[in-house]
Every structure is written in C-alpha cells, then in structure tokens.
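J.: this one's structure only:
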C-alpha cells in the first residue's frame with residue numbers, strides 16, 4: 001500500500017517541482033554493468049517455466065532516471081521499445097542502435113500549456129494497421145496517434161473519451177484483439193486524491209472499431225493491467241487494490257460481454273514482504289501470463305499455477321515482449337530492464 005501511495009503522491013506533486021528538477025533519464029553501456037542488474041534473479045517454482053525462461057539469464061539495465069516508467073510496447077518498424085514516463089508526460093524510445101531518446105512530448109496531456117501537468121500517457125499498443133494507441137491520463141481518453149511512427153507528433157484522434165455522456169477517469173492500460181476491439185481499464189490513478197470523477201466508477205470497457213464504447217465491468221475496485229489469451233476467448237485483469245491484490249480471469253461471451261469471472265491468482269500474501277502491487281501484464285505465446293506484482297514479474301499458468309518469478313527488486317509497472325518473444329522488457333519504477341527469454 002505504501003508503494004501505491006508513494007506513486008500517487010508523486011503524480012500529484014509533479015506539477016509543483018518538475019520545472020525546477022534536473023533529473024534526467026539516461027542510457028549507456030555502463031547501465032548494463034550496473035551492480036543492480038547483478039542482483040536480479042529468476043526463481044523457478046515449476047519446471048514448466050524452464051520452457052520460457054533461463055534461470056541464469058543475464059539482465060540488462062537499458063535506461064534509468066524516470067519518474068514512473070510504464071506501458072512498454074515493442075515496435076518492429078522502429079526496432080525499438082516505446083514506453084511512457086507518466087509524470088513527465090513523455091513517451092521514450094529505446095533501441096540497440098540509437099539508445100534512449102524522447103519519442104513524443106505532451107503524450108498524455110496534449111498542448112504545450114500542459115507539458116508539466118504530471119498527467120502523461122500510460123499504456124501503449126499498436127493496432128492492426130500498425131498505428132500507436134495511447135492511454136492518456138491528462139486528456140482522459142483512449143487516442144490514436146495520426147502521425148507516422150517514424151515521425152511522431154502529438155496529433156491524436158479520440159477513440160473513446162466518455163461513456164454515457166460522462167468523461168473517463170484516467171484510462172490506464174489496454175489490449176486489442178485481431179478485429180480491432182480495444183479493451184481498457186479506467187481507474188482513477190491519474191486523478192486528484194485517487195477519486196473517481198464524474199463517471200463515478202472504476203470501469204473496464206471495450207471500444208469497437210466503429211467507435212462504440214461498451215461497459216464490461218464496474219465491479220472492480222482498482223482495475224489496472226489487462227490482456228487477452230492467445231485464442232482471444234479470455235481476458236485477464238490485474239487489480240491493484242492493496243487490500244485485495246489479485247489477478248482476475250473472465251470468459252468472453254458470444255455477445256462480447258464478460259462472464260464467469262474468478263480470481264486466478266491472489267498476491268496478498270506475497271505483498272506483505274515485497275515491493276509493488278499487481279499492475280500491467282502480458283500473455284506469452286504459450287498462453288502463460290507474465291503479470292507484474294509484488295517482487296517483480298510473476299509467471300502464472302492459465303489455470304492459476306505459480307510457475308516462476310522474475311525478481312526486479314523494484315515496484316514493476318508493466319512488461320512487454322518483442323515480436324519474436326526473445327526478450328522481456330520491464331518498466332520498473334525509474335528503470336527500463338530487459339532479460340533474454342526462450343523464444
């Protein structure tokens with residue numbers, strides 16, 4: 001709970017100190033030799049995890065110095081990973097060739113007057129047309145960047161900004177199916193006091209390719225990360241409630257609604273002795289779930305078995321695979337990390 005409160009306080013205070021703070025993100029070869037990387041490790045709880053990770057795989061610190069890094073996505077066209085620094089209101093880009101650079105400023109709260117608002121972008125993804133889709137805290141919407149990926153501009157089209165005539169809280173994370181339906185969570189983490197706004201709920205929604213927004217769930221207290229199973233019949237949702245930190249599983253019904261919800265994995269006992277809460281997650285091509293939570297990234301089978309843990313020593317916000325699933329990229333508070341996995 002302390003970790004969540006620290007993050008929320010940082011979001012709220014950022015506008016007051018950001019202009020005078022000289023903190024700067026950096027990336028260099030020296031980061032890969034950082035002693036911190038030598039402390040990371042992979043714990044094996046079931047031999048099945050050995051088909052996905054190597055216990056002695058080396059970790060690399062790719063970049064560091066962020067306020068709260070989030071929402072990584074691999075982009076083949078750029079040969080790079082993009083990720084948000086939420087309070088900085090920026091999307092960063094890291095690649096083997098060019099190292100670290102700012103990809104897009106005013107990424108979550110558009111307009112030059114809002115560049116230091118502390119309400120930036122969060123979750124990122126690519127749609128079937130290879131366009132960047134962004135969760136925007138400040139603009140309180142799901143938006144599509146209209147500029148080419150190689151020439152990013154803060155030129156956005158709103159895909160979903162309200163439901164029932166009421167504006168969203170602060171869309172947090174998202175996933176997309178092959179038909180182009182975007183599933184997303186809308187907790188109040190980007191709002192003052194962590195309170196819901198006019199919409200009055202912490203919802204899970206779907207926006208169709210033709211712009212129809214549907215409310216899927218209004219029963220979760222703090223929905224956060226969201227991902228689909230490879231067959232797109234199941235949706236997984238991480239809940240960041242410190243009193244009920246769990247991973248949910250729901251079946252997607254024929255009409256698109258969610259049904260048969262159940263707790264797939266309970267993080268409560270683990271949260272007593274480790275940093276972090278359930279946050280973002282991704283699903284491996286094997287169907288196993290890589291879910292951030294207390295201590296790092298937990299590897300969980302579709303039936304809820306705890307297979308392994310990638311210890312990161314920091315509160316870990318989200319993760320992403322490259323296209324070939326040779327690497328797992330992790331945003332861990334102020335650091336971007338990756339580890340080689342089995343493809």
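T.: Done, it's in. Just so it is clear, the model here is predicted, and its values are computed rather than measured.

J.: hey, where'd the strands end up in the stretch 51-200 of the chain?
T.: For the stretch 51-200 of the chain, the strands defined by DSSP state E, counting those that start in this stretch cover 59-64, 69-75, 80-85, 90-95, 99-105, 121-126, 132-136, 141-145, 156-160, 162-163, 166-167, 174-176, 182-186.

J.: Make CSV out of those and add mean neighbour count.
T.: Heads up, the C-betas are built off the backbone N, CA and C, glycines and all. Putting the strands of the stretch 51-200 of the chain into CSV (neighbours: other CB atoms under 10 Å) gives the following:
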stretch, mean neighbour count
strand 59-64, 21
strand 69-75, 24
strand 80-85, 27
strand 90-95, 22
strand 99-105, 17
strand 121-126, 25
strand 132-136, 27
strand 141-145, 22
strand 156-160, 18
strand 162-163, 16
strand 166-167, 12
strand 174-176, 23
strand 182-186, 27
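
J.: can you tell me which of those comes nearest to residue 305?
T.: The closest of the strands of the stretch 51-200 of the chain to residue 305 is strand 174-176. By CB to CB, the value is 22.3 Å.

J.: helices or strands up against that closest one?
T.: strand 121-126, strand 132-136, strand 182-186, strand 223-228 (3 or more CB pairs under 8 Å, 6 or more residues apart in numbering; DSSP states H and E).

J.: Columns mean pLDDT and distance to residue 247 on top of those strands, output as TSV?
T.: Putting the helices and strands packed on strand 174-176 into TSV (pLDDT from 0 to 100; distance: least, CB to CB, whole Å) gives the following:
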stretch	mean pLDDT	distance to residue 247
strand 121-126	98	17
strand 132-136	98	20
strand 182-186	98	13
strand 223-228	98	9
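
J.: For residue 40, find the nearest of those strands.
T.: Per CB to CB, nearest to residue 40 of those: strand 223-228, 20.7 Å.

J.: just checking, next helix/strand downstream of that closest one?
T.: Remark: after strand 223-228, the chain's next helix or strand is strand 234-239, criterion DSSP states H and E.

J.: helices or strands up against that next one?
T.: strand 223-228, strand 246-252, strand 281-283, strand 289-293.

J.: Single out the most deeply packed of those strands.
T.: strand 289-293 (a mean of 27; mean count of other CB atoms under 10 Å).

J.: where does that strand sit relative to the chain's centre, distance-wise?
T.: On the basis of CA atoms, centre = their mean, to the nearest Å, strand 289-293 sits 11 Å off its chain's mean C-alpha point.

J.: That strand pairs with which strands?
T.: Counting by DSSP bridges, the strands paired with strand 289-293 are strand 281-283 (antiparallel), strand 296-300 (antiparallel).

J.: can you list these in JSON lines and add distance to residue 319 and mean pLDDT?
T.: Formatted as JSON lines, those follow (distance: least, CB to CB, whole Å; pLDDT from 0 to 100):
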{"stretch": "strand 281-283", "distance to residue 319": "6", "mean pLDDT": "98"}
{"stretch": "strand 296-300", "distance to residue 319": "5", "mean pLDDT": "98"}
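
J.: Could you dump those into TSV and include distance to residue 79?
T.: Formatted as TSV, the strands paired with strand 289-293 follow (distance: least, CB to CB, whole Å):
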stretch	distance to residue 79
strand 281-283	19
strand 296-300	23
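
J.: Identify whichever of those strands lies nearest to residue 306.
T.: strand 296-300 (6.0 Å).
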